[in-house]
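1. generate a structure from the sequence data that follows.
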Amino acid sequence: MGKNWVLDACHTTAAVIVVAVALAACSVPRVVLLHDPLTPEEHLNLGVSYENRGEFEAALREYKAATRKLPVAYLYLGNVYFQQNDFYAAEGCYKKAVKKTRDPRAYNNLAWLYYLKNENLQEAERLAETAVELSPGSHDFMDTLSKIREKRERRN
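-> Okay, the predicted model is just below:
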C-alpha cells in the first residue's frame, strides 16, 4: 500500500507540474517582429492582380499594406469598395487620395461617386473640373464633368 501511495503522489505532482508549465507557457506574452519582404509598389501590383481576378478581400489587404508608404493606394482601395457598393468606404478612400496625392483619378472617381449617388453635385462638378485641369487630355474626365453639369442643369 505504501508504494501505491507514493506512486499516486508522484503522478499527481507530475500532472500538476505539466499543467502549470502549460498554463505558464500560454500566459507568457510573445512579441513577434515580422519584416514585410514586399515593397509598397509590390503590394499595390499584387492588389491589382487580386482585383482583376475578383478576389476583393485579398486586394483590399494588399492595398491597405501599400497605403503605409504609397498614398495612391487609397485610390485603389476606393475603387474596390466602390465595386462592392460600399460607397461610404469608397468616399473616405477617395477623399484621402485627393488630399494626399492630388491624383486626377481620385478627383474624378469621387465626383462620379457623388454623381451616381445624386448628392453633392456642386462639389462633384468642382472635383471633376479639377480632374480635367490636372489631366486636360482625358476624355473620361471630360465625360464625367459633362454628365454632372447635365444633371445639375436638369435639377434647376
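
2. can we go C-alpha only for contacts and neighbour counts from here?
-> Will do.

3. average model confidence for stretch 101-120?
-> Throughout stretch 101-120, pLDDT has a mean value of 96.

4. chain center to it, what's the gap?
-> Taking C-alpha atoms, centre = their mean, to the nearest Å, one finds stretch 101-120 lying 18 Å from the centre of the chain it belongs to.

5. by neighbour count, which bits of that stretch are buried? Give me those.
-> Under the neighbour-count criterion of 16 or more other C-alpha atoms under 10 Å, stretch 101-120 has 101-115 buried.

6. tell me which of those is nearest to Gly54?
-> Proximity of the buried residues of stretch 101-120 to Gly54 was ranked by C-alpha to C-alpha; the top entry is Asn109 with 19.7 Å.

7. next, the closest residue to Leu134 other than its chain neighbours: phi, psi?
-> In space, and not counting its chain neighbours, Leu134 is closest to Pro104: 5.9 Å by C-alpha to C-alpha, 6 or more residues apart in numbering. Dihedral angles of Pro104 (phi, psi; degrees, to the nearest 10) stand at phi -60, psi -30.

8. one more: Pro136?
-> Dihedral angles (degrees, to the nearest 10) for Pro136: phi -60, psi -20.

9. send me stretch 144-156 as CSV with only the CA atoms.
-> Extracted C-alpha coordinates of stretch 144-156, given in CSV (Å, rounded to 0.1, in the frame of the first residue of the first chain):
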residue,chain,number,x,y,z
THR,A,144,-17.7,62.9,-66.0
LEU,A,145,-17.8,66.7,-65.9
SER,A,146,-20.3,66.9,-68.8
LYS,A,147,-22.7,64.4,-67.2
ILE,A,148,-22.5,66.2,-63.8
ARG,A,149,-23.3,69.5,-65.5
GLU,A,150,-26.2,68.0,-67.4
LYS,A,151,-27.7,66.6,-64.2
ARG,A,152,-27.3,69.9,-62.4
GLU,A,153,-29.0,71.7,-65.3
ARG,A,154,-31.9,69.3,-65.2
ARG,A,155,-32.3,69.9,-61.5
ASN,A,156,-32.6,73.7,-61.9
